[in-house]
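> any chance you could fold what I've pasted below:
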Amino acid sequence: MARRYLQLACACLFPLPLAAQDFVTVPGALSDDDFYRAVSCGAAPGTECTKPVVKWDTQRPLRVSLRQIHRTYLGGRAKRAGAALERAIQRINAAKADLRLLRIGPNASAADIEVYFLDQEKGDTITGTGIEGVDGTVLGGASTRVFFDKNGRIKRAVVLYSTTMQMRAYESSMLEEITQSLGLLTDIRSPHYDRISVFAQDSNAATRLGPQDIMALRRHYPR
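Numbering: from 1, shown residues only. Next up, the predicted model:
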């Protein structure tokens, strides 16, 4: 199971991304309150937040683009990647939180969330995206970078895939990474969640949002 190296980046306060603990370990099922605090600010039950709470301005649809897919992925992997992104958008929109994702083409000039399938392996230093705060950092199996201002408003998100990530995990991992690009940045390590949540640290089994995943999205973006 490939894990990502998750980073936060504040565009106003910090010139480079900040490394962050990307999971909370718990013994079993969490209450809705504890689950939301875990994924939204990295708080273990009964403890303080370890990350800022960050959100998009959702007055308009958020534009999502499969910006780059290296020729290494041509064929079945490229088709699976595109389909995984399409399903992730559909499932997040179906959660009926107060936001909407809209897929746009790879050459569109103004994407909010960009997805890159790089010709690099997990653990490599990222090169070639041209994005400050992304190039020069470490690539995970699949990685998310979120850039936000001093008020906690997300300005840009980038999802990056390595050649190490297996094709059969694309659907689950894409749903996870796109969900996390919305500001729910922390996984949960607990066997209870391995098959029922996209936030499961040790599993890529969930291909749909679980009940508490949907709850967390709706709390983060309440109607």
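> use CA for all of it now, contacts and neighbours both
Will do.
> restricting to C-alpha, output the top helix by length along the chain in PDB.
Ranked by residue count, the top helix of the chain under DSSP state H comes out as helix 76-94. Output of helix 76-94 as PDB, limited to C-alpha atoms (Å, rounded to 0.1, in the frame of the first residue of the first chain):
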ATOM      1  CA  GLY A  76      -4.700   1.300 -19.900                       C
ATOM      2  CA  ARG A  77      -3.200   3.300 -17.100                       C
ATOM      3  CA  ALA A  78      -4.000   6.600 -18.700                       C
ATOM      4  CA  LYS A  79      -7.600   5.600 -19.300                       C
ATOM      5  CA  ARG A  80      -7.900   4.300 -15.700                       C
ATOM      6  CA  ALA A  81      -6.500   7.600 -14.400                       C
ATOM      7  CA  GLY A  82      -9.000   9.700 -16.300                       C
ATOM      8  CA  ALA A  83     -11.900   7.500 -15.200                       C
ATOM      9  CA  ALA A  84     -10.700   7.700 -11.600                       C
ATOM     10  CA  LEU A  85     -10.800  11.400 -11.700                       C
ATOM     11  CA  GLU A  86     -14.200  11.500 -13.300                       C
ATOM     12  CA  ARG A  87     -15.600   9.200 -10.600                       C
ATOM     13  CA  ALA A  88     -14.000  11.100  -7.800                       C
ATOM     14  CA  ILE A  89     -15.700  14.300  -9.000                       C
ATOM     15  CA  GLN A  90     -19.000  12.600  -9.300                       C
ATOM     16  CA  ARG A  91     -18.900  11.100  -5.900                       C
ATOM     17  CA  ILE A  92     -17.800  14.300  -4.100                       C
ATOM     18  CA  ASN A  93     -20.600  16.300  -5.900                       C
ATOM     19  CA  ALA A  94     -23.100  13.600  -4.900                       C
END
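> state the mean pLDDT of it.
Confidence over helix 76-94 (mean pLDDT, whole number) is 97.
> contacts for it, please.
Contact with helix 76-94 is made by 66, 69, 99-103, 167, 170-172, 174-175, 178-179, 208-209, as judged by Cα atoms under 8 Å, 6 or more residues apart in numbering.
> filter the residues you listed down to just the ones in helices.
Those of the contacts of helix 76-94 lying in helices (DSSP H): 170-172, 174-175, 178-179.
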